[in-house]
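K.L.:
Predicted model and sequence below, questions to follow.
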Amino acid sequence: MALRPGVGLDGWEIAVAKKLVGEYRRRSRILERYEFEDLVQDCLLHWITVRGSLDRDPANPPLGYMATVLRNWLADLVRKRGTDKRSGDLDTPSLDASIDGS
C-alpha cells in the first residue's frame with residue numbers, strides 16, 4: 001500500500017518516533033529484545049490512529065503532543081512486557097509433582 005501525499009507521514013514524525021524508540025531501547029532491557037524498526041513501526045501506527053482525531057494545522061505541527069503520546073505508549077509497552085515476564089512462571093508445574101500422575 002503506497003502512502004499518498006497528505007495521508008502519509010511527514011519526516012518530522014518519523015524522526016520523533018526514531019528518537020524516542022532509541023531512548024527507550026537504551027534505558028529498558030525489555031525493549032532490547034525487539035527490533036528497532038519494528039518498534040518504530042508500531043509507534044507510528046499508534047500515532048496514525050491518534051493523529052486522526054487532531055485538527056491539522058500545517059503551520060504548527062503537534063510535535064510535543066506526538067512525543068507525549070509515544071512516550072506513554074512506550075512506557076505502557078515496557079510495563080506490560082515486564083508484567084508478562086514476571087507472571088510467566090505461574091503456570092509451570094511443580095517440581096514436586098509426579099510425572100506419572102500418581
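P.N.:
Looks like it came in fine.
K.L.:
Which residues outside stretch 27-41 are in contact with it?
P.N.:
Contacts with stretch 27-41, where a contact means CB atoms under 8 Å, 6 or more residues apart in numbering, come from 14, 17-18, 21-22, 24-25, 74, 77-78, 81-82, 85. All C-beta spots, glycine's among them, are computed from the backbone N, C-alpha and C.
K.L.:
mind listing what's buried in the top helix by length along the chain?
P.N.:
Looking across the chain with DSSP state H, the single longest helix is helix 63-86. Across helix 63-86, burial judged by 16 or more other CB atoms under 10 Å covers 66, 69-70, 73-74, 77-78.
K.L.:
Tabulate those residues in a markdown table, adding columns for pLDDT and distance to L31.
P.N.:
Putting the buried residues of helix 63-86 into a markdown table (pLDDT from 0 to 100; distance: CB to CB, whole Å) gives the following:
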| residue | pLDDT | distance to L31 |
| --- | --- | --- |
| M66 | 93 | 19 |
| V69 | 94 | 17 |
| L70 | 96 | 13 |
| W73 | 96 | 12 |
| L74 | 96 | 8 |
| L77 | 93 | 7 |
| V78 | 92 | 6 |
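K.L.:
farthest-separated two in those residues?
P.N.:
M66 and V78 (18.6 Å; CB to CB).
K.L.:
Have a look at this structure and report the helix or strand with the lowest mean pLDDT.
P.N.:
Ranking every helix and strand in the chain by mean pLDDT, DSSP states H and E puts helix 63-86 at the bottom, with a mean of 87.
K.L.:
Tabulate the CA atom coordinates of that one in CSV.
P.N.:
The C-alpha trace of helix 63-86 is given here as CSV (Å, rounded to 0.1, in the frame of the first residue of the first chain):
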residue,chain,number,x,y,z
LEU,A,63,5.5,17.8,17.9
GLY,A,64,5.2,17.9,21.7
TYR,A,65,1.9,16.1,21.6
MET,A,66,3.3,13.3,19.5
ALA,A,67,6.2,12.9,21.8
THR,A,68,4.0,12.7,24.8
VAL,A,69,1.7,10.1,23.1
LEU,A,70,4.6,7.9,22.0
ARG,A,71,6.4,8.2,25.4
ASN,A,72,3.2,7.0,27.1
TRP,A,73,2.8,4.2,24.6
LEU,A,74,6.3,3.0,25.0
ALA,A,75,6.1,3.2,28.8
ASP,A,76,2.9,1.1,28.7
LEU,A,77,4.7,-1.4,26.5
VAL,A,78,7.6,-1.7,28.9
ARG,A,79,5.2,-2.0,31.8
LYS,A,80,3.1,-4.7,30.1
ARG,A,81,6.1,-6.7,28.9
GLY,A,82,7.6,-6.5,32.4
THR,A,83,4.4,-7.8,33.9
ASP,A,84,4.3,-10.6,31.3
LYS,A,85,7.8,-11.6,32.1
ARG,A,86,7.2,-11.8,35.9
